[in-house]
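Colleague: Structure, please.
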Amino acid sequence: MRTVEDHMNLNYEVVVAEEKDFDGTVYYVAFHEELFGIEGLGDTKEEAIRDLKKSKEIWFRNMIENDDYVPLPKNFDR
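Modeller: Reported below is the predicted structural model:
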């Protein structure tokens, strides 16, 4: 069974999208296509990616503690 650290070290592709708030303010959303339900937000791409990393660690911890399935990266080479 993989640990949180094992999953954190896998190479999940990061997607960062530029979004606009209702008032026109630009912000960024980062996510991994394989890991549904988690995302990172920030005023810059870098902030969004840092936030995603924190969210991902919490998500992995919860999934592993609940013995739920954690998808591997699309490009995972067995």
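Colleague: contacts and neighbour counts: CA atoms only from here.
Modeller: Noted.
Colleague: What distance separates the opening and closing residues of stretch 5-13?
Modeller: End-to-end distance for stretch 5-13, by C-alpha to C-alpha, to the nearest Å: 17 Å.
Colleague: For that stretch, buried residues please.
Modeller: His7, Tyr12 (16 or more other C-alpha atoms under 10 Å).
Colleague: Use 199 as the first number from now on
Modeller: In the new count, where the first residue is 199, that last one comes out as stretch 203-211.
Colleague: Quick one: mean pLDDT over that stretch.
Modeller: Taken as a whole, stretch 203-211 carries a mean pLDDT of 94.
Colleague: what is the spatially closest residue to Asp219 that is not a sequence neighbour paired to in the beta sheet?
Modeller: Leaving out its chain neighbours, the residue that sits closest to Asp219 by C-alpha to C-alpha, 6 or more residues apart in numbering is Tyr225, at 7.4 Å. Counting by DSSP bridges, Tyr225 is bridged to Glu217.
Colleague: At which residues are the strands of the chain located?
Modeller: All strands of the chain, identified by DSSP state E, fall at 213-218, 224-229, 238-240.
Colleague: can you tell me which residues contact the closest residue to Leu208 other than its chain neighbours?
Modeller: Setting aside the residues directly before and after it, Leu208 is nearest to Pro271 in space (C-alpha to C-alpha, 6+ apart), at 7.1 Å. Neighbouring residues of Pro271 by C-alpha atoms under 8 Å, 6 or more residues apart in numbering: Leu208, Asn209, Tyr210, Glu211, Glu232.
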